[in-house]
Every structure is written in C-alpha cells, then in structure tokens.
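Undergrad: quick one, what's the 3D model for this:
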Amino acid sequence: MSEIKGKKEPLLRIVKRAELPGKQAFALRIFSVFLALCAGGVFILLIGYNPFEIYKTIWTGAFRSQMAIQATIKLVIPLVISALGITLAFKMRFWNIGAEGQIIMGGVFASFFALFFTNLPHVLLIVIMLIAGIIGGGIWGLIPAFFKAKYNTNETLFTLMLNYIALNVVVFLRDGPWKDPESSGFPKIARFDKNAQLDKVLGVHCGWIIALILLVVVAVYLSKTKQGYEISVVGESHATASYAGIHVSKVMLRTMFLSGAVCGICGMVQTTGSDMTLTTAVAGGVGFTAIIVAWLAQLNPAGILVVSFLFGVLEKGSSVMQSTFGLSTYASDVLQGVILFFVLGCEFFVRYKFVVRGGAKKE
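TA: Next comes the predicted model:
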C-alpha cells in the first residue's frame with residue numbers, strides 16, 4: 001500500500017467525463033469537421049493543389065449532373081441498409097463486425113433464385129429473392145449469436161472470421177458450380193436475367209425505397225416496441241435484464257438474426273440492383289464503412305441517413321476529383337482518411353478528457 005501511495009501521479013491522464021450536454025457535443029462535432037477540413041487542406045497544399053478548388057469539386061462533383069446524383073444515391077443505399085443492421089446489434093452491445101459476410105451471404109442466397117428460377121413472374125421472383133437475402137444474412141448473423149449465448153465466445157473475432165468464410169463461398173461458387181460456361185479467361189458468375197433485376201424508380205434501382213422503408217421500420221422497432229426495449233436493457237446489463245425477467249439468450253439470438261437479415265437485404269439489393277451478378281466485391285468494404293456510419297450517427301436511424309449521405313458525397317466527389325485533377329486513387333484515399341481521422345477522433349473527446357497533474361482530484 002505504501003508503494004502505491006508513493007507512486008507519482010502521471011503528468012497527463014485520461015478521465016471519463018460526465019455526459020456532455022447535447023449542444024456542447026454537437027458543437028464539438030462541428031468543430032471536428034472544421035479541423036478535418038483544415039487538416040485535409042494542408043495535405044492538399046502539400047501535394048500542390050488549391051484546397052478550395054478541391055473541396056468545391058468534391059461537393060459539386062456529387063451533384064453536377066443527373067447521372068452523378070444517381071451514382072451518389074447508389075453509394076448511399078448500401079451504407080444506410082447495412083448501418084441499420086449493425087445498429088440493431090450494437091444497441092445490444094453485441095459487436096457485430098460481420099456485416100461484410102452477412103451482406104455476401106444475403107447476396108448468395110438471392111443469387112441462387114436469380115440464376116435458376118428466372119421463369120417465375122418478375123414480382124414474385126423479386127419477393128422470393130428478398131426473403132432469400134433475409135434468410136441468408138440472418139443465418140450468418142445467428143451463428144455467432146448462438147456460440148456467444150451457448151459458450152460465451154468472442155463475438156468480435158467470430159463475426160470477423162465469418163466474413164472470410166462467406167467470401168470464399170463466393171469464390172467456390174464462381175470457380176465451380178455457378179461458373180458461367182460462356183466466360184472466357186477469368187471465371188465469373190453469369191449476369192442476371194432482366195427478370196431478376198430490381199426495377200428503377202426515378203433513374204435509380206428501387207433499393208432506395210427499400211432503404212427508406214427499413215429506416216422507418218428499424219426506428220419504430222427500437223423505440224416503440226417491447227423487443228426494442230429489451231435490446232436496450234440487455235445492452236445496458238445482462239444481469240439487470242435477467243433480473244427484469246428478460247431471456248438474454250433469446251433476445252441475443254433474435255436480434256442478431258434481424259441484424260444479419262437487414263445486412264442480407266443489402267446483399268440482395270447490391271446483387272440484383274447494382275451489380276446484376278454475384279462477385280467477390282458484392283460487399284466491397286461497405287460492411288466495415290457502415291460500422292463507422294452507425295457509430296458517427298450514435299446508432300440513430302435518422303442520423304444514419306444523414307451520415308450515409310455525406311459518405312456518399314465524399315466517395316463520389318472524390319472520384320470526380322481524381323479525374324478532374326489527375327490525382328491518384330491513393331491521394332483520394334489519404335484525403336478521406338485524414339477527414340475521417342479527425343471526425344472519429346472527436347468521439348473520443350465527447351466521452352473522455354485529458355487531465356494535467358493536479359488538475360482534478362484523484363478518485
């Protein structure tokens with residue numbers, strides 16, 4: 001005890017701060033965006049370009065034409081859907097890092113019907129593929145939940161590893177039973193028949209309608225239903241939930257099935273609305289980006305729509321910036337990384353603060 005008492009207090013230490021008022025937290029986040037733009041501007045200056053011109057091109061590039069707007073919306077759709085799926089799990093403090101795999105398996109299940117049941121009526125086929133995507137993603141989400149509930153496994157590692165298994169399922173199908181016999185050179189899966197493709201509404205596949213419907217459904221489910229309340233209680237404390245008569249394992253299994261199912265819908269939308277086939281790039285990193293989107297949105301469905309839109313603008317605008325100024329893909333990725341670093345770093349200061357030696361009473 002004397003040794004502990006004799007230890008010198010660190011010059012700088014991290015202390016969890018009391019919850020910031022909403023206005024202060026909002027102001028801090030706005031300030032982080034300003035810092036992100038400044039840091040990005042410094043990077044742009046270092047590579048020899050005018051930051052104001054670059055930022056203007058990024059913003060206007062996402063809306064410069066009807067085609068550009070449609071492309072931006074196509075980028076937003078999978079982010080919204082997959083972030084909603086992740087939100088369901090994260091609300092329960094189940095760290096689902098497997099959205100990529102759940103998206104892939106939703107695409108795999110939907111592709112089975114798109115490839116081999118093209119004679120069905122169009123609307124019926126789309127509905128069946130939607131249900132198949134829900135089942136495929138749901139099963140992939142249910143697997144880690146079962147092992148977590150039964151054997152208390154680490155869900156972060158488990159869901160992450162399932163991503164690679166799902167990816168190799170696609171590789172197996174592409175190189176084996178689903179290989180397009182007419183493909184020359186690299187193996188691929190055949191392009192879907194028009195009957196198995198999502199219809200377009202206002203120039204964009206109707207996945208944007210599915211995304212908006214899911215947004216409302218998830219928001220109502222989490223805030224207005226008994227199941228949504230149970231998710232929150234389980235997320236706060238398993239012991240409290242059990243004391244309140246909530247079956248923790250049942251809630252965990254149900255919620256992770258729903259989380260995977262929503263991500264599976266994203267896979268179905270991507271394969272039938274965007275790619276028109278099944279490839280190893282069906283998820284394309286969306287599942288990981290969606291984690292950032294959900295976190296920045298504070299697991300709020302309405303916030304997810306806003307953050308996803310900004311991500312879509314940044315992604316589309318960056319591609320326009322590359323072609324306009326002749327920048328490499330790496331420069332664009334670095335700029336996006338710098339901006340995200342500052343925005344995400346802000347969340348640390350919302351929850352914690354640095355205390356200089358002697359600046360606060362030791363607990």
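Undergrad: how far out from the middle of the chain is stretch 270-281?
TA: Relative to the centre of its chain, stretch 270-281 is centred 17 Å away, using C-alpha atoms, centre = their mean, to the nearest Å.
Undergrad: straight-line length of that stretch, end to end?
TA: For stretch 270-281, the first and last residues are 10 Å from each other (C-alpha to C-alpha, to the nearest Å).
Undergrad: for it, what is the average pLDDT?
TA: Here the mean pLDDT over stretch 270-281 is 92, rounded to a whole number.
Undergrad: how far away is the spatially most central residue of the chain from Ala283?
TA: Residue closest to the average C-alpha location in the chain (C-alpha atoms, centre = their mean): Ala290, at 1.4 Å. Taken as C-beta to C-beta, to the nearest Å, the spacing of Ala290 relative to Ala283 amounts to 10 Å. C-beta: built from backbone N, CA, C; applies to glycine.
Undergrad: please apply the same query to Lys316.
TA: Counting by C-beta to C-beta, the gap between Lys316 and Ala283 amounts to 19 Å.
Undergrad: joint contacts of Ala290 and Ala283?
TA: Counting by C-beta atoms under 8 Å, 6 or more residues apart in numbering, the contacts common to Ala290 and Ala283 are Ala99.
Undergrad: so what's Leu278 up against?
TA: Gly107, Val108, Ser111, Val170, Leu173, Arg174, Trp178, Ile189, Thr271.
Undergrad: the longest helix belonging to the chain: how far from the chain's middle?
TA: Of all the elements of type helix in the chain, the one with the most residues (DSSP state H) is helix 122-151. With C-alpha atoms, centre = their mean as the basis, the distance from the averaged C-alpha position of helix 122-151 to the chain average is 17 Å.
Undergrad: mean confidence for it?
TA: The predicted model assigns helix 122-151 a mean pLDDT of 95.
Undergrad: again with stretch 39-56
TA: Across stretch 39-56, the average pLDDT comes to 88.
Undergrad: identify the residues contacting it?
TA: Taking C-beta under 8 Å, 6+ apart as the criterion, the residues outside stretch 39-56 that touch it are Leu37, Met321, Phe325, Leu327, Ala331, Val334, Leu335, Val338, Ile339, Phe341, Phe342.
Undergrad: closest one of those residues to Val201?
TA: Met321 (29.1 Å; C-beta to C-beta).
Undergrad: what residue ranges in this structure score low on pLDDT?
TA: Under the criterion of pLDDT under 70, the regions of the chain flagged as low confidence span 1-9, 19-20, 22, 357-363.
Undergrad: just the helices in it please.
TA: Assigned helices in the chain, in chain order: 2-6, 22-46, 51-61, 66-91, 99-116, 122-151, 155-175, 207-224, 226-236, 238-243, 248-269, 286-296, 301-325, 329-351 (criterion: DSSP H).
Undergrad: which of Lys316 and Ala283 has more neighbours?
TA: Relative neighbour count places Ala283 above the other of Lys316 and Ala283, with 30 against 23, counting by other C-beta atoms under 10 Å.
Undergrad: which residues sit in contact with the more buried one?
TA: So Ala283 contacts Ala99, Glu100, Gly101, Ile103, Ile104, Gly107, Gly267, Gln270 (C-beta under 8 Å, 6+ apart).
Undergrad: widest-spaced pair of those?
TA: With C-beta to C-beta as the measure, no two of the contacts of Ala283 lie farther apart than Gly101 and Gln270, at 13.7 Å.
Undergrad: Leu142: neighbour count?
TA: Applying other C-beta under 10 Å, we find 20 other residues in the vicinity of Leu142.
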